[in-house]
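1. Next input, structure requested:
(one chain, ligands or ions: 1)
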Amino acid sequence: MIDKTSPIPIYYQLEQQIKTMIENKEWMPGDLVPSEREFSEKYQISRMTVRQAINNLVQMGLLDRKQGRGTFVSDQKIEKRGLTSFSEDMLERGMTPSSELLDFKVIPATAAIAQDLHIKESDPVYEIKRVRLADGVPMALETNYISADLVPGITEDLLNQSIYQFIQEKLNLSITHASQSIEASVVDNVEAEYLQIPKGAPTLFIQRIAMLENNVPIETVKSLYRADRYKFMIDLKR
Ligand code: 16G
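-> Next up is the predicted model:
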């Protein structure tokens, strides 16, 4: 129902209704949603108003516009929980992880990196920039800094695979805990290109320092995850 006498804007009312239908699973991922004309006739509202609601839902990642085919309910967001790696997350969902290597070099640690990794400024660290993909679709853009003294032997070949797996299985080091922050962000031109999303699309900017059992930091990472494909689940205890 749309209430035209309400102070709540009509496009917003429609937006909320569509959102509720998706949340209640009345509309499922992959379902074709009615056209602008159908919505406008059903609710006796202008097509402009319908367009505004649909545009917002597309921007939020709840709907997906497919050229010449219509607008569809998007796939459910991937729920990320716990101290897992990108590769583990994807394999767990039956998808194939891969990476496009953008940059790989050893650099002297900056003051900030040295502080994160508990090493000395100018100590050697790997700088690894990768686009992370699931079934060939870009999901995240990631820059890792890892102490080259602590984790010897990282090579370019290895970087299409899991760094966590290498650290755990080849070096026998156990990543046990991490501290992480998550901030809202939007992509600039370059990031939009790598992630194949529109400029200005929402992302989650995540910084993580992962640690070994003995509290030694093993990596400091900045990740930009697509907000239309991810949601982070946090278990709270009181
Ligand atoms: C995840 C981690 C990142 C870690 C990477 C290792 C988040 C927000 N970030 O993307 O910190 O470096 O996995 O992935 O979860 P890999 O083992 O597949 O290389």
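
2. What helix or strand is I22 located in?
-> helix 10-23 (DSSP states H and E).

3. after that helix, next one along is what?
-> Going down the chain from helix 10-23, the next helix or strand is helix 36-43, by DSSP H and E.

4. is it true that D103 touches L141?
-> No: using CB atoms under 8 Å, D103 is not in contact with L141; the gap is 11.3 Å. C-betas here are computed from N, CA, C, even on glycine.

5. Spell out which parts of the chain neighbour the ligand.
-> Within the chain, the residues that sit near the ligand (CB under 6 Å from any ligand atom) are 85-87, 142, 144, 162-165, 206, 208, 219, 221, 223.

6. Relative to Q44, which of these is nearest.
-> When the residues of the chain next to the ligand are compared for distance to Q44 (CB to CB), I206 wins out at 44.2 Å.

7. Contacts only, for the closest residue to that closest one other than its chain neighbours.
-> Nearest residue to I206, sequence neighbours excluded (CB to CB, 6 or more residues apart in numbering): S223, at 4.5 Å. For S223, the contacting residues are A140, L141, E142, T143, F205, I206, Q207, R208, by CB atoms under 8 Å, 6 or more residues apart in numbering.

8. who's the second one bridged to?
-> To tie it back to what came earlier, the one meant is L141. Assessed by DSSP bridges, L141 has beta-bridge partners V131, L224.

9. what's the burial count for it?
-> Neighbour count for L141, taken as other CB atoms under 10 Å: 23.

10. How about the last one?
-> With neighbours defined by other CB under 10 Å, the count for R208 comes to 19.

11. you'd agree it is up against T220?
-> Yes: applying CB under 8 Å as the test, R208 and T220 come out as touching, 7.4 Å apart.

12. how much space between F39 and the ligand?
-> 37 Å (CB to the nearest ligand atom, to the nearest Å).

13. Without its sequence neighbours, what residue ends up closest to that residue?
-> Using CB to CB, 6+ apart and skipping residues adjacent in sequence, the residue nearest F39 is V50, 4.4 Å away.

14. Would you mind giving me the confidence score for M1?
-> Reported pLDDT at M1 in the predicted model: 83.

15. Now it: closest residue in space, sequence neighbours ignored.
-> Nearest residue to M1, sequence neighbours excluded (CB to CB, 6+ apart): Q17, at 8.0 Å.

16. How about the secondary structure of I206?
-> Classification of I206 by DSSP: H, G, I helix; E, B strand; the rest coil places it in strand.

17. What of D116?
-> At D116 the chain is in helix, as set by three-state DSSP.

18. Then E121?
-> Classification of E121 by three-state DSSP places it in coil.

19. my guess is it meets A114, correct?
-> Yes: using CB under 8 Å, E121 is in contact with A114, at 4.5 Å.

20. quick one: which of the two has more around it?
-> A side-by-side neighbour count of E121 and A114, using other CB under 10 Å, places A114 first with 19 against 12.

21. Flag every buried residue along stretch 108-126.
-> Applying a neighbour-count criterion of 16 or more other CB atoms under 10 Å, one finds A109, I113, A114, D116, L117, I119, V125, Y126 buried in stretch 108-126.

22. Then stretch 148-163?
-> Quick answer for stretch 148-163 (16+ other CB under 10 Å): A148, L150, V151, I154, L159, S162, I163.

23. what sits against the third one?
-> V151 makes contact with Y126, F166, I167, L171, L173, I218 under the criterion CB under 8 Å, 6+ apart.
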